[in-house]
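Undergrad: coords please:
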Amino acid sequence: MGDLRGDIWRRYGALGNVGRSALDIRKDIIERNLYGRLSVDGTIRNETTKDVVNDILTYKAAAKLKVRQAIAAHTTDQVERKRLYTALKNDRWLDDPFLHRQMRKHFRHGVSHTANQFIVRSDKQSSSVVDGRLVITIRIAKQVGGDIRLITTSNGKHVNLTGCNLRICVKDGFTEIHSATEKATGRPHGEQALGIDKGYTEAFTDSDGEAHGVTFGAVLTDYSDAAAQTGRSRNQLHALEKKHRTAGRIAKADRICRCNLGRKKIDARRARAKKRLRTIAYQSAHSIVDKAALVVSEDLTSPIASKVQWKRYNRRMSGWAKGALADAIDSVCEQRGAKHLLVNSSYTSQMDSSTGLLQGKRVGDKFYRITGDVLQADHNAALNVLARLADPEITRFTPYRDVKRLLLARSPAPLSVKRLEWGDPSRPPSADKSIEQVCSR
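TA: Below is the predicted model of the structure:
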């Protein structure tokens, strides 16, 4: 099935799916008999094909969402926008240079590296409890091996697999069985309207000033630094392996590759870090929804352009799990019936929440107001996020340059300082007395 997944992505992962639905792609695969000779059960082959095709079209739909945002920023003409939206929706983006350019940018040819899973149709599996363990039987055609019997670690009391498709993931030493289930309704939400600022040190800071998930940054930093140290050591081993191979000591080089350059521990450490970050993110999201019926957060789907930072900063921020934070708050709000709204993220960290203007300066975790008062930076940003929801001029997709122009237009005229000097013209200016007159424009 790994070969099948890789080949479908190669054939239909880009231009091969233009103007085609999932059914059209599957019909094309069947008519051409691309994978009929694989020695696997036919239903497993067909269901896995359906899974891959759906993944490809989901990837394309996500790219189209970004292109829609680009269209909104490209023109304000409603007729032109409608024309571009219609062409994009009907998959005629190859005919328009702008759409074609944007789709090339966001819809790059996908590649599949998944070779350890397959899909089982609901009518091809059955389950029963034997000796206190849930046993799942997958019915396979006899000519390709016969039935597969999986004895799980579950007692089966709270598991109902009737009518469910299964995803079987084979890993080192064990097998995972995934099934879809209806998510239960969560506990009641709060009553407040809260703005939240996604952070690095803490997972979230709300507009009440409360920090949620204070260990988030420590876990992420520890993982990032450990992974960097491992990478430096592996680079030395790679160089040593290359040296031995160049010198003709092939057996020695192969032993280094086999015994010192594996990825089991690296992958396990990454999986542990992701699980810990996900746990912290969901716990933080629940503590927010305990207080709030309406949660307002920044839309951070687009990359943030900034000046070049130092290497360690870039490495840590590249691993920043902002996607996990966004998924957590979305999922928890949906489950518990709270409302989650996204607002424009431009300059929310650089505005003074007391005035709503581009005044003051953020330094680290502190925000210095123009009056000299000091605010906690993430709390200040969360207040700005909540206020942004009621701003009629700044929508979610307003370009950041327009946001800055609007904020500067709202600011009062700057004060000009005029220095008046008098005294002996022959004396240096530093020796003369001076007076400052403040003039308002």
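Undergrad: L194 and E241: what is the separation?
TA: Between L194 and E241 the computed distance is 53 Å (CB to CB, to the nearest Å). Using the backbone N, CA and C atoms, a C-beta is placed for each residue, glycine as well.
Undergrad: Mind checking which of the two has more residues around it?
TA: Legend: neighbour count by other CB atoms under 10 Å for L194 and E241, higher for L194 (23 against 19).
Undergrad: Can you list the buried residues in the helix or strand where the more buried one lies?
TA: Assigned by DSSP states H and E, L194 belongs to strand 192-198. Neighbour counts using 16 or more other CB atoms under 10 Å place 193-198 of strand 192-198 among the buried residues.
Undergrad: and if you look at stretch 366-379?
TA: For stretch 366-379, by 16+ other CB under 10 Å, it's 367-369, 375, 377-379.
Undergrad: Narrow those to those in strands?
TA: Judged by DSSP state E, strands contain the following of those: 367-368, 375.
Undergrad: Among those, find me the one that's closest to G2.
TA: Using CB to CB, the shortest approach to G2 within those belongs to F367, at 51.1 Å.
Undergrad: Would you check that the closest one makes contact with D378?
TA: No: under the criterion of CB atoms under 8 Å, F367 makes no contact with D378, lying 9.0 Å away.
Undergrad: Strands of the stretch 1-150 of the chain, start to end?
TA: Ranges of strands in the stretch 1-150 of the chain, per DSSP state E, counting those that start in this stretch, are 117-120, 125-130, 133-138, 148-151.
Undergrad: which helices and strands does the last one pack with?
TA: Contacting strand 148-151 under the criterion 3 or more CB pairs under 8 Å, 6 or more residues apart in numbering; DSSP states H and E are the following elements: strand 133-138.
Undergrad: Name the residues that touch the strand it packs on?
TA: 120, 124-129, 147-156, 159, 161, 166, 168, 177 (CB atoms under 8 Å, 6 or more residues apart in numbering).
Undergrad: Now do the buried residues in it.
TA: 134-136, 138.
Undergrad: Name the nearest of those residues relative to S39.
TA: I138 (16.0 Å).
Undergrad: For that closest one, list each beta-bridge partner.
TA: Q125, I148 (DSSP bridges).
Undergrad: Relative to L94, how far out is it?
TA: Using CB to CB, I138 is found at 42 Å from L94.
Undergrad: Flag the shaky bits of this structure, pLDDT-wise.
TA: 302-310, 313-314, 317-320, 413-441 (pLDDT under 70).
Undergrad: which helix in it runs the most residues?
TA: When the chain is parsed with DSSP state H, its longest helix is helix 42-74.
Undergrad: Which elements pack onto it?
TA: Short answer (3+ CB pairs under 8 Å, 6+ apart): helix 42-74 packs on helix 2-12, helix 22-32, helix 78-89, helix 97-106, strand 117-120.
Undergrad: starting at the chain centroid, how far to it?
TA: On the basis of CA atoms, centre = their mean, to the nearest Å, helix 42-74 sits 16 Å off its chain's mean C-alpha point.
Undergrad: Could I get the ones in strands among the buried residues of stretch 366-379 in JSON lines, plus columns for distance to A14?
TA: Listed next are those as JSON lines, based on distance: CB to CB, whole Å:
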{"residue": "F367", "distance to A14": "46"}
{"residue": "Y368", "distance to A14": "50"}
{"residue": "L375", "distance to A14": "49"}
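Undergrad: So which of those is the closest to S112?
TA: Looking across those and measuring by CB to CB, the closest to S112 is F367, at 45.6 Å.
Undergrad: For the closest one, name its beta-bridge partners.
TA: So, taking DSSP bridges as the rule, F367 has R362, L375 as bridge partners.
Undergrad: D290 contacts H189, correct?
TA: Yes: if you go by CB under 8 Å, D290 and H189 touch, sitting 7.3 Å apart.
Undergrad: more crowded one of those two?
TA: Shown here are D290 and H189; by other CB under 10 Å, H189 has more neighbours (22 against 15).
Undergrad: what about the more buried one, distance to R263?
TA: Relative to R263, and taking CB to CB, H189 is found at 42 Å.
Undergrad: do the same with R396
TA: 40 Å.
Undergrad: buried stuff in the host helix or strand of R278?
TA: Using DSSP H and E, R278 sits within helix 264-289. Applying a neighbour-count criterion of 16+ other CB under 10 Å, one finds 273, 276-277, 280-289 buried in helix 264-289.
Undergrad: how far out from the middle of the chain is that helix?
TA: Worked out by CA atoms, centre = their mean, helix 264-289 lies 14 Å from the chain centre.
Undergrad: What of stretch 144-152?
TA: 37 Å.
Undergrad: ok, now stretch 247-259?
TA: Centroid separation between stretch 247-259 and its chain, computed with CA atoms, centre = their mean, is 39 Å.
Undergrad: can you dump the C-alpha coordinates of that stretch into PDB?
TA: Below are the C-alpha coordinates for stretch 247-259, written out as PDB (Å, rounded to 0.1, in the frame of the first residue of the first chain):
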ATOM      1  CA  ALA A 247      38.700   5.100   1.900                       C
ATOM      2  CA  GLY A 248      37.100   1.800   0.900                       C
ATOM      3  CA  ARG A 249      36.200   0.600   4.400                       C
ATOM      4  CA  ILE A 250      32.700  -0.300   3.300                       C
ATOM      5  CA  ALA A 251      31.900  -2.700   6.200                       C
ATOM      6  CA  LYS A 252      32.900   0.000   8.800                       C
ATOM      7  CA  ALA A 253      30.800   2.600   7.100                       C
ATOM      8  CA  ASP A 254      27.800   0.200   6.900                       C
ATOM      9  CA  ARG A 255      28.200  -0.500  10.700                       C
ATOM     10  CA  ILE A 256      28.100   3.200  11.500                       C
ATOM     11  CA  CYS A 257      25.000   3.600   9.400                       C
ATOM     12  CA  ARG A 258      23.300   0.600  11.000                       C
ATOM     13  CA  CYS A 259      24.300   1.100  14.600                       C
END
